[in-house]
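Peer 1: the following comprises the amino acid sequence and a computationally predicted model.
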Amino acid sequence: FSDVRIDLTQYNELQVNLIRSHACGLGEPFSKEVALVMMILRLNTLLKGHSGATLELVRQLQFFINERIIPIIPQQGSLGASGDLAPLSHLALALIGEGKVLYRGEEKDSDDVLRELNRQPLNLQAKEGLALINGTQAMTAQGVISY
């Protein structure tokens with residue numbers, strides 16, 4: 001699809017659809033420690049400024065880390081060195097108010113937690129879906145925790 005043009009009015013919708021289509025992991029979730037390290041590593045990558053991320057995306061990820069809103073991320077579905085598209089998509093779902101999270105020891109819908117904390121779901125902008133899922137933070141986080 002390299003020669004297919006996306007209408008400017010559909011850029012944001014494309015980003016959400018990219019996240020939803022790749023959030024196909026299954027099995028037991030990563031531990032909350034691994035999921036937290038995944039978020040920290042992803043934030044570190046975005047802060048380098050090479051990923052097409054807005055300040056709002058960075059702040060939403062920082063908010064999740066600081067408030068310990070931990071996305072529930074299935075362990076099965078990653079390609080490791082080829083990219084952790086599925087696990088990182090589950091992380092991204094939580095940021096946009098979809099998917100499940102652990103918050104204060106309870107599994108909840110991300111949207112419910114955001115509402116409880118008076119916080120809006122992230123509205124993805126052009127390139128941000130890819131910026132969130134293009135990386136190897138799941139395997140790296142698992143390695144960091146295992147070490």
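Peer 2: Right, received. Where do you want to start? Numbering: from 1, shown residues only.

Peer 1: only C-alpha atoms for contact and neighbour calcs from this point on.
Peer 2: Noted.

Peer 1: so which residues of the protein form helices?
Peer 2: Using DSSP state H, the helices of the chain run over residues 11-22, 32-47, 55-67, 85-95, 110-116, 128-133, 137-146.

Peer 1: of all the residues in the second one, which ones are buried?
Peer 2: In this case it means helix 32-47. Neighbour counts using 16 or more other C-alpha atoms under 10 Å place 32, 34-43, 45-46 of helix 32-47 among the buried residues.

Peer 1: which parts of stretch 50-70 are buried?
Peer 2: A53, T54, L57, Q60, L61, F64, I65, R68, I69, I70.

Peer 1: hmm, I typed the wrong one, I wanted stretch 122-131.
Peer 2: Buried residues in stretch 122-131, defined by neighbour count with 16+ other C-alpha under 10 Å: L122, L124, Q125, A126, K127, E128, G129, L130, A131.

Peer 1: low-confidence regions, this structure specifically.
Peer 2: For the chain, applying pLDDT under 70 flags the ranges 1, 78-82.

Peer 1: returning to what we had before: adding distance to Q75, write the helices of the chain out as a markdown table.
Peer 2: Shown next, in a markdown table, are those (distance: least, C-alpha to C-alpha, whole Å):
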| stretch | distance to Q75 |
| --- | --- |
| helix 11-22 | 14 |
| helix 32-47 | 10 |
| helix 55-67 | 20 |
| helix 85-95 | 7 |
| helix 110-116 | 19 |
| helix 128-133 | 15 |
| helix 137-146 | 9 |
